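A.B. asks: Need a 3D model of the following:
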Amino acid sequence: MELKSKIVWATVAVLTIAAISGVIGVTYRKVGSLPFRVTNDTLHREQSPVTLDFLIPGGTYIDEKMTIREVVHLRFGKPKDRLSRFAQKVSDIIPAKYLLFSSTILYLFWSFLFLIFFRIFTWMRYSTALCISSLLGALVYLFMPDMILGRKDDLVFLFSSIVIVGLYSWRFRRKRLQPTEETE
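C.D. replies: Numbers count the residues shown, from 1 in each chain. As a prediction, this is how the structure comes out:
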């Protein structure tokens, strides 16, 4: 396959994914902004096989102004338990620089554990093991509880790891494709 055809197919794939994501986003916004009771009553009147009754949380009154998005948030929104409220209070007391430092240490800890595993049990080079362990450390950090509540720090570590792996693979391909002096 030629380079031009690869570029065309990659562009078509990216545009298709963008179009599908756009359609899903617009549909979500339009359906989510509909009034819940009017929509559900209309579905009942038309004897639709699917109604919105399963979204109504038990013991909750749904007034005329509530939208479908608000009812979904009521139904599937996780209430904060005691542990989450305690963690939030402790997190509010600790200064931000210490929270960031502890989160960075936790990410580096997970990455270091993966690096040790790859170096002991595989024949990976240090650079390859370091790149893969940083990505896996970020993935573990994403799903493990940490000191900073929210997903912003998790996504920063994950994105930086993806950039490191991308730069390493780009450098590796570039180095592999360069002609050496012996082959010329």
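
A.B. asks: what residue is smack in the middle of this protein?
C.D. replies: For the chain, the residue nearest the mean C-alpha position is residue 155 (6.9 Å; Cα atoms, centre = their mean).

A.B. asks: what's the helix or strand for that one?
C.D. replies: helix 152-177 (DSSP states H and E).

A.B. asks: which ones are touching residue 148?
C.D. replies: Taking Cβ atoms under 8 Å, 6 or more residues apart in numbering, we find residue 148 in contact with 91, 99-100, 103. In short, each C-beta sits where N, CA and C put it, glycine included.

A.B. asks: Domain-wise, how is this structure divided?
C.D. replies: Domain assignment of the chain by automatic domain parsing yields the ranges 3-76, 82-177.

A.B. asks: Format those domains as a markdown table; extra columns: mean pLDDT.
C.D. replies: Below are those laid out as a markdown table (pLDDT from 0 to 100):
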| stretch | mean pLDDT |
| --- | --- |
| domain 3-76 | 87 |
| domain 82-177 | 87 |
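
A.B. asks: Mean neighbour count, these: which tops it?
C.D. replies: domain 82-177 (a mean of 14; mean count of other Cβ atoms under 10 Å).

A.B. asks: Any idea how far it is from the middle of the chain?
C.D. replies: Offset of domain 82-177 from its chain centre (Cα atoms, centre = their mean, to the nearest Å): 14 Å.

A.B. asks: packing partners for the lengthiest helix in the chain?
C.D. replies: If you go by DSSP state H, the chain has its longest helix at helix 3-32. Helices and strands touching helix 3-32, by 3 or more Cβ pairs under 8 Å, 6 or more residues apart in numbering; DSSP states H and E, are helix 68-76.

A.B. asks: which other helices and strands contact the helix it packs on?
C.D. replies: Helix 68-76 packs on helix 3-32, helix 36-45, going by 3+ Cβ pairs under 8 Å, 6+ apart.
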